[in-house]
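Chemist: quick one, what's the 3D model for this:
(chains A and B)
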Protein chains: 2
Amino acid sequence: MKSMKSQDQAIRLWIVGSIGIDTIATRDARRENLLGGSVTFACAAASFFTKVGAVGVVGSDFPAAFLERYRRFGIDLSGLQQAAGKTFHWEGVYDDDMINRRTVKTELGVFERFTPELPESYRDAPYVLLGNISPELQLHVLEQARGARFVATDTMDLWINIARPALLKVLARTNLLTLNDGEARLLTGCFNLRACAEALLKMGPEYIVIKKGEHGALLFTRDGIAIIPAYPVKAVCDPTGAGDCYAGAFMGWLAKSGRVNLSTLRQALLHGSAVAAFGVEDFSMARLESLADAEIEARVAELRAMAAL
Amino acid sequence: MKSMKSQDQAIRLWIVGSIGIDTIATRDARRENLLGGSVTFACAAASFFTKVGAVGVVGSDFPAAFLERYRRFGIDLSGLQQAAGKTFHWEGVYDDDMINRRTVKTELGVFERFTPELPESYRDAPYVLLGNISPELQLHVLEQARGARFVATDTMDLWINIARPALLKVLARTNLLTLNDGEARLLTGCFNLRACAEALLKMGPEYIVIKKGEHGALLFTRDGIAIIPAYPVKAVCDPTGAGDCYAGAFMGWLAKSGRVNLSTLRQALLHGSAVAAFGVEDFSMARLESLADAEIEARVAELRAMAAL
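Modeler: Modelled structure (predicted):
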């Protein structure tokens, strides 16, 4: 566990998304009552680099021990709402390949009526990660972000299919869009990823990060392409939240660096690969909880050596 | 078209595999009577770097114009047999993603009774690429390769399923095994690619190249891992033969360099990525026929810049 962060630092980055309690089955194990959700993974990953605030909702059943786990990462919880009812619950089963998965159960609970509100202490934060929630809610919370200088947006096939007009409004106010290859194809109607990226760059964002899981990511800008490798993990225990760890870590790294350009983005994404590769080594946040800053830097160095040409 | 190679250079590399006449349909086009087969693509790609000989069989229907196309690449044809009967024919249809494909028709023709024999002028060649034919035939031809110093082997799911004992004998005499991720999993029974590679390294080869198509490749050795990016192609016209171009180009580059180590392999595989990326820009060998050495080096430089960390 890294050292406790001071609670009175200004928030540099806030992250909105889901908070859930997961049940996860893989070939080798089945676990219940796991702390999950995009905010959980992304904030934990970001906390290694910057002061991060969580915007989300939990139910009255949410264990105090889970709140304590956030606090131990130094995550600010002023943006966390607690509502009467049950916390969002997701149950999934992974294929043997540890990539494809099937949702067994989704109980929205208090997440169904979630309207994110920014605490005053988050409103001047320069970095924003809009996790995968409905584009209407992403817009609603973005309206309150008067200090936002760099907005990263995540989305999914559901919103592309049922809320495209609102999503396009979000994209017009987005600096960096992160999505996977299938979503890029769905959103643009293109097959070739370079063609997808060209179409996406016209929708507003200056930066497109196409995530390909174990195959790494591609960063597209108007000026060029960067290929970011994934770290070849020795044993994947639970891939849940890998994409959120990736996004949280790279936004945390950017927030720390304070500058956004092709060069800082490469380094930010490389750190995203490293942290995400740790995250999948155990269930929920377990590996992140034991992770030291020096381990992240060692893995970044290892990845750089593997990918050196 | 690069300059004609002298016909009297010693053969540095020979390649055995299939030679076929393909019919290929994509979303945008359908073409018949295309020169194809693993030997065709691999030899053409290798010819940019070294003196290469082709070992394969064609039927009595094989057009003289196709032989002339090989010669224009400077490919030595002493290892080419012409037999009475029809040339191997393959017909395939690509999905819109230009990755998955369905075989519509396979007519083995003279390929069914093919027994590769090495001409005397190939027997001292130091570099060997055993293309995807039955392991029994790979063994047969390898017996004749008295000068072989570095043997690369390609294979496929069919041989893993029906000819495993013979394949294991080939692997015991193989320096570098190239296969895709699905084949690596099938051959080892492992899921994780690092675990696959560890198991494969115990079967004989010092080097394992796991090809992941548009996602690049991973090179595993006992001492470490190299991540080799694929070049993001703007418009894929026909992906047929991309893996063969890749293997041919990297073996050609190695044969030219004359040294095999982690560093030369990285450069060889990078050149494989570049040449394969050109190959898919048009049907059959069309793009390779117009390709200049300087274009390959420019693409290598571009790929290096994209992947620089």
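
Chemist: so what's the residue count around A:I24?
Modeler: The tally of other residues near A:I24 (other CB atoms under 10 Å in any protein chain shown) stands at 23. Any C-beta I mention is one placed from the backbone N, CA and C, and that applies to glycine too.

Chemist: roughly how far does it sit from B:L171?
Modeler: Here A:I24 is placed at a distance of 37 Å from B:L171 (CB to CB, to the nearest Å).

Chemist: kindly report the same for A:E107.
Modeler: When A:E107 is compared with B:L171 (using CB to CB), they lie 50 Å apart.

Chemist: the two: who's more crowded?
Modeler: Comparing A:E107 with B:L171 by other CB under 10 Å, the one with more neighbours is B:L171, at 19 against 14.

Chemist: three-state assignment of that one?
Modeler: Put simply, B:L171 is helix when judged by DSSP: H, G, I helix; E, B strand; the rest coil.

Chemist: for it, what are its contacts?
Modeler: Taking CB atoms under 8 Å, 6 or more residues apart in numbering or on different chains as the contact definition, B:L171 lies against B:153, B:177, B:200, B:203-205.

Chemist: can you add pLDDT and secondary structure and give these back as TSV?
Modeler: Formatted as TSV, the contacts of B:L171 follow (pLDDT from 0 to 100; DSSP: H, G, I helix; E, B strand; the rest coil):
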residue	pLDDT	secondary structure
B:T153	98	strand
B:L177	98	strand
B:L200	98	helix
B:M203	98	coil
B:G204	97	coil
B:P205	98	coil
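
Chemist: what is the nearest of the residues you listed to A:I162?
Modeler: B:L200 (45.1 Å; CB to CB).

Chemist: find the nearest non-adjacent residue to the closest one, please.
Modeler: With sequence-adjacent residues excluded and distances taken as CB to CB, 6 or more residues apart in numbering or on different chains, B:L200 is closest to B:I208, at 4.8 Å.

Chemist: mind listing what the one you found touches?
Modeler: In this structure, B:I208 makes contact with B:176-179, B:184, B:196-197, B:200-201, B:219-221, judged by CB under 8 Å, 6+ apart.

Chemist: just give me the neighbour total for the residue of the stretch 51-200 of chain A found nearest chain B.
Modeler: Closest approach of the stretch 51-200 of chain A to chain B (CB to the nearest CB) occurs at A:R194, with a separation of 5.3 Å. Using other CB under 10 Å, A:R194 is surrounded by 16 other residues.

Chemist: wait, a helix at it?
Modeler: Yes - judged by three-state DSSP, A:R194 forms part of a helix.

Chemist: so what strands line up beside the strand or helix carrying A:I210?
Modeler: Per DSSP states H and E: A:I210 is located in strand A:207-211. Paired with strand A:207-211 in the same sheet, following DSSP bridges, are strand A:176-180 (parallel), strand A:217-220 (antiparallel).

Chemist: these into CSV, with extra columns for mean neighbour count and distance to B:S47?
Modeler: What follows is the strands paired with strand A:207-211, written out as CSV (neighbours: other CB atoms under 10 Å in any protein chain shown; distance: least, CB to CB, whole Å):
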stretch, mean neighbour count, distance to B:S47
strand A:176-180, 25, 38
strand A:217-220, 24, 31
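
Chemist: still on that earlier bit, correct me, but the residue of the stretch 51-200 of chain A closest to chain B touches B:Y231?
Modeler: No - A:R194 is not in contact with B:Y231 according to CB atoms under 8 Å; the separation is 10.5 Å.

Chemist: which residues does whichever residue of the stretch 101-250 of chain A sits closest to chain B contact?
Modeler: Of the stretch 101-250 of chain A, the residue with the smallest distance to chain B, taken as CB to the nearest CB, is A:H215 at 3.7 Å. The contact partners of A:H215, taken as CB under 8 Å, 6+ apart, are A:230, B:212, B:215-216.

Chemist: where's it relative to A:P229, distance?
Modeler: Separation of A:H215 from A:P229 (CB to CB) stands at 9 Å.

Chemist: who does the helix or strand of chain A with the lowest mean pLDDT touch, helix- and strand-wise?
Modeler: Averaged element by element with mean pLDDT, DSSP states H and E, chain A has its least confident helix or strand at strand A:101-107 (a mean of 93). Counting by 3 or more CB pairs under 8 Å, 6 or more residues apart in numbering or on different chains; DSSP states H and E, the packing neighbours recorded for strand A:101-107 are strand A:20-25, strand A:88-94.

Chemist: quick one: strands adjacent to that strand?
Modeler: Each strand pairing with strand A:101-107, determined using DSSP bridges, is listed with its direction: strand A:88-94 (antiparallel).

Chemist: same question for the partner strand, mean pLDDT?
Modeler: Model confidence over strand A:88-94, given as mean pLDDT, is 95.

Chemist: right, quick check: the helix or strand A:G248 falls within against chain B, any contact?
Modeler: Taking DSSP H and E as the definition, A:G248 sits inside helix A:242-257. No - residues of helix A:242-257 contacting chain B under CB under 8 Å from any CB of the partner chain: none, with a closest distance of 13.5 Å.

Chemist: so which elements touch that helix?
Modeler: In terms of contact count using 3+ CB pairs under 8 Å, 6+ apart, helix A:242-257 is assigned the packing partners strand A:13-16, helix A:38-46, strand A:52-59, strand A:127-130, strand A:150-154, strand A:176-180, strand A:207-211, helix A:262-279.

Chemist: with just CA atoms, put that helix into CSV.
Modeler: Extracted in CSV, the C-alpha atoms of helix A:242-257 (Å, rounded to 0.1, in the frame of the first residue of the first chain):
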residue,chain,number,x,y,z
ALA,A,242,-9.0,-3.5,-16.6
GLY,A,243,-10.2,-0.8,-19.0
ASP,A,244,-11.2,1.4,-16.0
CYS,A,245,-7.8,1.0,-14.4
TYR,A,246,-6.2,1.9,-17.7
ALA,A,247,-8.3,5.1,-18.1
GLY,A,248,-7.9,6.0,-14.4
ALA,A,249,-4.2,5.5,-14.4
PHE,A,250,-3.5,7.5,-17.6
MET,A,251,-5.8,10.4,-16.5
GLY,A,252,-4.1,10.4,-13.1
TRP,A,253,-0.7,10.4,-14.8
LEU,A,254,-1.8,13.3,-17.1
ALA,A,255,-3.2,15.2,-14.1
LYS,A,256,0.1,14.9,-12.3
SER,A,257,2.2,15.9,-15.4
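
Chemist: buried stuff in that helix?
Modeler: By neighbour count with 16 or more other CB atoms under 10 Å in any protein chain shown, helix A:242-257 contains the buried residues A:242-257.

Chemist: neighbours of the residue lying closest to A:R27 once chain neighbours are set aside, just the number please.
Modeler: The spatially closest residue to A:R27, leaving aside those adjacent along the chain, is A:D96, at 5.1 Å (CB to CB, 6+ apart). A:D96: 11 surrounding residues under other CB under 10 Å.

Chemist: repeat for A:V141
Modeler: Quick note: A:V141 (other CB under 10 Å) scores 21 neighbours.

Chemist: and A:L158, how far from A:G248?
Modeler: Between A:L158 and A:G248 the computed distance is 21 Å (CB to CB).

Chemist: check A:A10 too.
Modeler: 18 Å.

Chemist: can I get stretch A:100-108 as PDB, trimmed to CA atoms?
Modeler: This file holds the C-alpha atoms of stretch A:100-108, laid out as PDB (Å, rounded to 0.1, in the frame of the first residue of the first chain):
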ATOM      1  CA  ASN A 100     -15.100 -12.800 -23.300                       C
ATOM      2  CA  ARG A 101     -17.700 -12.700 -20.600                       C
ATOM      3  CA  ARG A 102     -21.400 -13.200 -20.100                       C
ATOM      4  CA  THR A 103     -23.500 -11.100 -17.800                       C
ATOM      5  CA  VAL A 104     -25.600 -13.400 -15.600                       C
ATOM      6  CA  LYS A 105     -27.400 -10.700 -13.600                       C
ATOM      7  CA  THR A 106     -27.600  -6.900 -13.500                       C
ATOM      8  CA  GLU A 107     -29.500  -5.200 -10.600                       C
ATOM      9  CA  LEU A 108     -29.300  -1.500 -11.100                       C
END
